[in-house]
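A.B. asks: Sequence and predicted model, in that order:
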Amino acid sequence: MKPDEIDAMAVRWKEAGLPASLIATLELGKRISRLNLLFEQAVKAELADLGLTYAEFDVLAALNRAAPPHRMKPSELSKALLLTSGGISNVLQRLTAAGYVEREANARDARSRWVQLTDEGRRMAAAALEASARAHTEAADVVPEEIMRTAADDLREILSRVGRRRYR
């Protein structure tokens, strides 16, 4: 296996006296970030052909995953996608203007509204999910499936343990 740029960082961390366990943790974090960036860049290129931003895709996909009639409150979208209320508001305005989502009153709570996919929004969500799948497949086609499966399982275990921690 050929050394990468993170290996060079690890050498400097070791020279600085960092413990091996911390170096392994830093290497993992850096490689996860780098891998995520590569996948995200591949997906963004595909989404651009559809005229969508990554945030717009995230909202369409979240609404598509929601139970029929594929609707959520903006606050639920914001929490699920880790977007600020202002950020989700801007994305929803663009998606509404494009005809992909519509907002309707919440009969149980006059202070909130539902956001749901339109028929065109469901079609665009399907096209965007297909584009995302294509981007991920093409980006990862050089990695054998068994290596990908092992990495995904190992990362699930790490995330389940780290995810239990509470941070301020």
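C.D. replies: Nice, I can see it. Residues are numbered from 1 along each chain as shown.
A.B. asks: Which elements pack onto the strand or helix carrying residue 152?
C.D. replies: Here residue 152 is covered by helix 145-162, with elements defined by DSSP states H and E. In terms of contacts (3 or more Cβ pairs under 8 Å, 6 or more residues apart in numbering; DSSP states H and E), helix 145-162 is not packed against any helix or strand. For the C-beta atoms, the positions are set from N, CA and C on the backbone; glycine is no exception.
A.B. asks: Please compute how far it lies from its chain's middle.
C.D. replies: Helix 145-162 sits 17 Å away from the centroid of its parent chain (Cα atoms, centre = their mean, to the nearest Å).
A.B. asks: go on, stretch 35-53?
C.D. replies: The chain centre lies 11 Å from the centre of stretch 35-53; the measure is Cα atoms, centre = their mean.
A.B. asks: Pull the residues that contact the helix holding residue 152.
C.D. replies: With contact meaning Cβ atoms under 8 Å, 6 or more residues apart in numbering, helix 145-162 is reached by 28, 32, 140.
A.B. asks: can we see that at 7 Å?
C.D. replies: When contacts are taken as Cβ atoms under 7 Å, 6 or more residues apart in numbering, the neighbours of helix 145-162 outside the stretch itself are residue 140.
A.B. asks: mean confidence score for that helix?
C.D. replies: Averaged across helix 145-162, the pLDDT comes to 95.
A.B. asks: mind listing what's buried in it?
C.D. replies: In terms of neighbour count (16 or more other Cβ atoms under 10 Å), helix 145-162 has no buried residues at all.
A.B. asks: Cheers, nothing more for now.
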